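>>> pasting the sequence and the predicted coordinates here, then a few questions.
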Amino acid sequence: MTILCLASYFKGHAFLREAHRLGCRVLLVTSESLRDAAWPREALAETFYVPDVNKQWKLDDLVLGVSHLARREAIDRIVPLDDFDLEKAAALREHLRVPGMGETTTRHFRDKLAMRVKAAGDGIAVPDFVHVLSDERIRAFCARVAPPWFLKPRQQAGAIGIRKIHGEDELWAAIDELGERASHYLLETFVAGDVYHVDSIVYQREVRLAVASRYGTPPFDVSHGGGVFTSSLVERGSTDDRDVLELNRRVLTSLGLVRGVSHSEYIRGLDGQFVFLETSARVGGAHIADLVEAATGLNLWAEWARIEQAGGETPYDVRPARADYAGLVVTLARQEHPSLDAYSDPEVVWRLDKRHHAGLIVGSASFPRVQALVNAYARRFVDDFAATLPAPSSPYD
């Protein structure tokens, strides 16, 4: 089997290695700016580089290049390793008629407006929203829904480009600023509450594994206000765990994920009810894959490679998983190479090695122990490391 992987960002090493271990011929298409990055080249049959400006590729050039490659390579799978590569992969699948998610379904996992429209149509609770298109409908939304609101780009990832709007004058000024780009945004009500994420493995429309976690401070608040980013697994079998996992199953069924991995986010409002925020057809970023692996022993990237090889044509079973707990603590650091030597509890199972960042993961069979360590370490990180930078308005900032 030949798998063509698209990676406009430096990630997905475990996928590449596992696909190679399974006997696949692995081809990588990546950005020219990543030519010298430390890719696992022992796992790659060939690597191709795309001219890029801020990781952006010209789709027409990509289609022409891959079509030329297909004259000598029988491409069986096309896999996007980053959120921003999903549309490229879908367009290539459609053009070459390679099995996998097409452009319509991909919209449900990249376009925040499309995923809300589809989920709401299937009876799933979502924040009240309106497309930034019709002035009349926007005014009706403002009359019906009290601020604050979120103005969100439809096809960014995470909290990138999101603005919190506190009134109509501010909103119309922001829309005027967007100009012709306004239709690429949606406006939705701000829902106060705790934000959860569920990381899933899906095969033949069945959720084979789902791990529920809760952020400490919502990612938007950390991105825009600074501080320490934390996430830890929800207590298994608790009401929150059962409710968010069931909602996650309904969401992935509604949006049509046939096979692959997904990172989805939900909010539990002040009324105790869960609301669907957004989803994706990829491994979660911000070291969440490491968090899941610390708790379960499963690497989501490697499982994704196994799913792609099976491709709906042969059986796939998730490897046996542990039922431990884990917590992640990460912050931007004042120091170029912060020392974590003082964080020496035996539960520390992973440490982040990245300039101007401090991060670690704790793991234990005890839910209370993980919670206690995450809370204590988050407070200590504020004093020992925490720094802030302006929130990025695009993934290239």
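That came in fine, so what should we check first?
>>> show me where the stretch 251-397 of the chain has helices.
In the stretch 251-397 of the chain, helices defined by DSSP state H, counting those that start in this stretch lie at 288-296, 300-310, 367-384, listed in chain order.
>>> contacts for the first one?
Defining contact as C-beta atoms under 8 Å, 6 or more residues apart in numbering, one finds that helix 288-296 is touched by 197, 199, 209, 211, 213, 231-233, 263, 283-284, 298-301, 321-328, 349-350, 361-363. Every C-beta, even on glycine, is put in place using the N, C-alpha and C of the backbone.
>>> same question for the last one.
For helix 367-384, contacts defined as C-beta under 8 Å, 6+ apart pick out 216, 227-228, 230, 232-233, 235-236, 325-329, 331, 338, 342-343, 345, 347, 358, 360, 362-364.
>>> can you report how many residues lie near E73?
By other C-beta atoms under 10 Å, 15 other residues sit near E73.
>>> what are the buried residues along stretch 304-323?
Buried residues in stretch 304-323, counting neighbours by 16 or more other C-beta atoms under 10 Å, are found at W304, A305, R306, I307, E308, Q309, A310, G311, Y316, A321.
>>> what's the farthest-apart pair in the residues you listed?
Using C-beta to C-beta, the buried residues of stretch 304-323 span at most 22.2 Å, a distance reached by G311 and A321.
>>> the stretch 51-200 of the chain: helices as residue ranges?
Under DSSP H, counting those that start in this stretch, the stretch 51-200 of the chain gives helices at 59-69, 86-96, 103-110, 112-121, 135-144, 168-178.
>>> name the helices or strands packed onto the second one?
Counting contacts by 3 or more C-beta pairs under 8 Å, 6 or more residues apart in numbering; DSSP states H and E, the secondary-structure elements packed against helix 86-96 are strand 2-7, helix 59-69, strand 77-80, helix 103-110.
>>> try 6 Å this time
Under the contact criterion of 3 or more C-beta pairs under 6 Å, 6 or more residues apart in numbering; DSSP states H and E, helix 86-96 touches strand 77-80, helix 103-110.
>>> what about the spatially most central residue of the chain, distance to L298?
For the chain, G284 is the residue whose C-alpha lies nearest the centre (C-alpha atoms, centre = their mean; 3.8 Å). Using C-beta to C-beta, to the nearest Å, G284 is found at 13 Å from L298.
>>> and the nearest residue to D345 once chain neighbours are set aside, how many neighbours does it have?
In space, and not counting its chain neighbours, D345 is closest to L373: 6.3 Å by C-beta to C-beta, 6 or more residues apart in numbering. Counted by other C-beta under 10 Å, the residues lying close to L373 total 22.
>>> and what of D176?
9.
>>> what residues are up against it?
Under the criterion of C-beta atoms under 6 Å, 6 or more residues apart in numbering, D176 has no contact partners.
>>> repeat that for H95.
So H95 contacts V63 (C-beta under 6 Å, 6+ apart).
>>> about what we covered before: out of the helices of the stretch 251-397 of the chain, which gets nearest to T104?
Of all those, helix 300-310 sits nearest to T104, with 20.3 Å by C-beta to C-beta.
>>> just give me how far the closest one sits from the chain centre.
The chain centroid and the centroid of helix 300-310 are separated by 17 Å under C-alpha atoms, centre = their mean, to the nearest Å.
>>> by contact count, what packs against that helix?
Using 3+ C-beta pairs under 6 Å, 6+ apart: helix 300-310 touches helix 13-21.
>>> what about the helix it packs on, distance to the chain center?
Chain-centre distance of helix 13-21: 20 Å, with C-alpha atoms, centre = their mean.
>>> next, format the helices of the stretch 51-200 of the chain as JSON lines and append distance to Q155 and mean pLDDT.
Converted to JSON lines, the helices of the stretch 51-200 of the chain look like this (distance: least, C-beta to C-beta, whole Å; pLDDT from 0 to 100):
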{"stretch": "helix 59-69", "distance to Q155": "14", "mean pLDDT": "96"}
{"stretch": "helix 86-96", "distance to Q155": "8", "mean pLDDT": "97"}
{"stretch": "helix 103-110", "distance to Q155": "5", "mean pLDDT": "96"}
{"stretch": "helix 112-121", "distance to Q155": "7", "mean pLDDT": "98"}
{"stretch": "helix 135-144", "distance to Q155": "20", "mean pLDDT": "98"}
{"stretch": "helix 168-178", "distance to Q155": "14", "mean pLDDT": "97"}
